[in-house]
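S.K.: When you get a sec, could you give me coordinates for this:
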Amino acid sequence: MATMTDAPLFQYTLRLADTALILGHRLSEWVGHSPVIEEDLAFGNMGLDLIGQARALYAYAGEVEGKGRDEDALAYLRDAGDYRNLLLVEQPNGDFANTMVRQFLYAAFAHPYFEALAASKDETLAAIAAKAAKEMAYHVRHAAEWTIRLGDGTDESHARAQDALEELWPYTGEIFEVDPIERALIDIGVAVDPAPLRALWNKTMDDVLGEATLVRPRDGYMQSGGRAGRHSEHLGHILSELQFLQRAYPGATW
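M.R.: Numbers count the residues shown, from 1 in each chain. Got it, this is the predicted structure:
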């Protein structure tokens, strides 16, 4: 029987799944192109973590929706305007510093967020989050170490890391936004209120950026809209590649 929370729960779960899928795909683009073989393996492993999170979340979203859409249908058969991922994760990889800074900005939030979501009153979300929290602990550690290494490295690596930070910072405000869909679930203990996590995220930023000798950008105008389906042009290019096989051969199975 459907409940009053089904529609918000579907949207909330879809947002988490879309963010994981798009960032996982972005990291997969580095495989075979990383500066060292260890990072080829690291990007591949982190990408698989995120794709695994997306699969579990899509499967649950399809169950909650109750319209017969499975994880493949939700991942491969929706248009860009139907995606609800954070704008941060769809931004281009750029150079190695840009990718690492993007990963650091997201993982520093996702780790404590999933830790908190592991206490959700929704048992399925709690189980998915408990696993994801362990994975994101590695992601934030790996990305932080590289951010420090690049920022406190050569003049060139420092400049590239600082440029990446300046470019990506305007997308971090959306991480902490809460709309009525999420508020309804926060109030009943299903979703996580990101507001209490901001202090921890800020501390992580200050600690790591300080050690990296990088200057934290000032908060100003922040980009948003991803969770409402308003995306940059980059998402369409991602989907043209990610969805090609399913679109070219509808219903194909392995």
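S.K.: average pLDDT for the strand or helix carrying residue 208?
M.R.: Following DSSP states H and E, one finds residue 208 within helix 198-211. When pLDDT is averaged over helix 198-211, the result is 98.
S.K.: what sits up against it?
M.R.: Contacting residues not belonging to helix 198-211 are listed as 104, 108-109, 112, 140, 144, 147-148, 151-152, 165, 175-176, 215-216 [C-beta atoms under 8 Å, 6 or more residues apart in numbering]. Just so you know, the C-beta spots here come from the backbone N, C-alpha and C atoms, and that holds for glycine as well.
S.K.: Closest one of those residues to residue 125?
M.R.: Of all those, the one sitting nearest residue 125 is residue 112; the distance, using C-beta to C-beta, is 15.7 Å.
S.K.: residues near that closest one, how many?
M.R.: 20 (other C-beta atoms under 10 Å).
S.K.: In terms of secondary structure, what does the host helix or strand of it contact?
M.R.: Assigned by DSSP H and E, residue 112 falls within helix 96-117. Helix 96-117 makes packing contacts with helix 6-28, helix 87-90, helix 123-151, helix 155-168, helix 198-211 when contacts are defined by 3 or more C-beta pairs under 8 Å, 6 or more residues apart in numbering; DSSP states H and E.
S.K.: ok, 7 Å please
M.R.: In terms of contacts (3 or more C-beta pairs under 7 Å, 6 or more residues apart in numbering; DSSP states H and E), helix 96-117 is packed against helix 87-90, helix 123-151, helix 155-168, helix 198-211.
S.K.: who wins for proximity to residue 65 among those?
M.R.: Using C-beta to C-beta, those put helix 123-151 closest to residue 65, at 13.6 Å.
S.K.: Can you tell me which of the contacts of helix 198-211 lies closest to residue 48?
M.R.: When those are compared for distance to residue 48, the smallest value, 16.8 Å, is given by residue 140; criterion: C-beta to C-beta.
S.K.: isn't that closest one right next to residue 107, touching?
M.R.: Yes. Residue 140 is within contact range of residue 107, at 3.9 Å (criterion: C-beta atoms under 7 Å).
S.K.: Lovely, talk soon.
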